[in-house]
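K.L.:
take a look and give me a structure for this.
(chains A and B)
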Number of protein chains: 2
Amino acid sequence: MNQSSPGLKEAMRNVPSSVALVTSRDEQGQPHGMAASTVISVSVDPPSMLVAVNRTAGLYPVVQATKQLCINFLAQHQEHLLEAFSRSDMRAQRFTSPDWADVHSPNSRRLPWLPCARAVVFAEVDQAVPYGTHTLFIARVQEVALPKEDAAQRPPLVWLGGRSASLAPATV
Amino acid sequence: MNQSSPGLKEAMRNVPSSVALVTSRDEQGQPHGMAASTVISVSVDPPSMLVAVNRTAGLYPVVQATKQLCINFLAQHQEHLLEAFSRSDMRAQRFTSPDWADVHSPNSRRLPWLPCARAVVFAEVDQAVPYGTHTLFIARVQEVALPKEDAAQRPPLVWLGGRSASLAPATV
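P.N.:
Numbers count the residues shown, from 1 in each chain, chains lettered A, B, ... in the order given. Just a heads-up that it's a prediction; the model follows:
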């Protein structure tokens, strides 16, 4: 093993993960979102998810106030959506893609979501646990949406070493 | 999207994840472990990880009592280690593979670990948050170990749809 004390960041670059776009809507009806690789399911009873959010993220105060969030697990063909969420100078382009549904629906119950994502989970925050730089939002699942058959054949986006990795076709 | 209300389990089958073997050692020096796909990093400051553990798991009371855990993120060639951790009738075979180090070291500071894993994180539980059927262990990172160069070339194990998936060679 590497003897020069490696850090946690270096370790996590070695570990594959899914990528999700987590969205919410502020009290003025404006959509907000962030890209996250730290999203897990917690418990099947009650059905619940956990999202770790840096408290410097623009999404943080919105979720903290409204308790509503939507987790969109990306397919590989949706990787192009990530750039706008990783650059603050592209904030205005975050929800302009036709891939998004219910972006401007201030009166809609639905948060902005991606009908062709691998899986979409709408959830309501039940507990917020601050830890270090982040807050862990534990959220009760309200609704799950899965893609129609054609979109379900599209492989998921896998993140590894700071970039996307492809799954071998035979296993998709 | 699928209109017949799909469940959280069905959604998570559509989402790729890493697989870790999480280990600990009880006060009698015996090793314990479980397979987990719900492991994330929480915060870089302080360096910390989160593991969601079902309270029916044999590992739960051990970590709750000792606060010590070790997270071994598996490489693809280590998939054979999983079976013993998923079957209670194979409990006695869980740590018999020569892949494991420090299995029987009651006086060692080190928990059982896999020197050829993609990444190994030794951590001490700082907070335990019960939620539903699970407890979320938030643990402070004490030491990180990465594989030597030859093992670092081995692709990680990716879990999708209840089985392992291969990464395309070009991206490994």
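
K.L.:
what segments of chain A are helices?
P.N.:
A:8-13, A:59-66, A:82-86, A:149-152 (DSSP state H).

K.L.:
could you point out which of the ones you listed sits nearest B:L82?
P.N.:
helix A:8-13 (20.4 Å; Cβ to Cβ). In short, each C-beta sits where N, CA and C put it, glycine included.

K.L.:
bridging residues for A:V39?
P.N.:
Assessed by DSSP bridges, A:V39 has beta-bridge partners A:V51.

K.L.:
ok, now which ones touch it?
P.N.:
Neighbouring residues of A:V39 by Cβ atoms under 8 Å, 6 or more residues apart in numbering or on different chains: A:S18, A:A20, A:V22, A:M49, A:L50, A:V51, A:A52, A:I71, A:F73, B:I40.

K.L.:
tell me the confidence at it?
P.N.:
A:V39 carries a pLDDT value of 98.

K.L.:
cool, and the one 5 residues further on?
P.N.:
Note on A:V44: pLDDT of 88.

K.L.:
test my guess that A:P112 contacts A:Q68.
P.N.:
No: using Cβ atoms under 8 Å, A:P112 makes no contact with A:Q68, being 11.0 Å away.

K.L.:
give me the common contacts of these two.
P.N.:
Joint contacts of A:P112 and A:Q68 (Cβ under 8 Å, 6+ apart) are A:R25.

K.L.:
these two: who's more crowded?
P.N.:
Applying other Cβ atoms under 10 Å in any protein chain shown to A:P112 and A:Q68 shows that A:P112 carries more neighbours, namely 22 against 19.

K.L.:
what separation is there between that one and B:V22?
P.N.:
Per Cβ to Cβ, to the nearest Å, A:P112 is found 35 Å from B:V22.

K.L.:
and for A:R91?
P.N.:
Using Cβ to Cβ, we find A:R91 at a distance of 38 Å from B:V22.

K.L.:
between those two, who's got more neighbours?
P.N.:
More neighbours surround B:V22 than the other of A:R91 and B:V22, with 26 against 13 (other Cβ under 10 Å).

K.L.:
what residues are bridge-paired with that one?
P.N.:
With beta bridges defined as DSSP bridges, B:V22 has these partners: B:M34, B:I71.

K.L.:
in this structure it contacts B:L59, no?
P.N.:
Yes: taking Cβ under 8 Å as the definition, B:V22 is a contact partner of B:L59 at 6.5 Å.

K.L.:
where does chain A have its least confident helix or strand?
P.N.:
helix A:149-152 (a mean of 76; mean pLDDT, DSSP states H and E).
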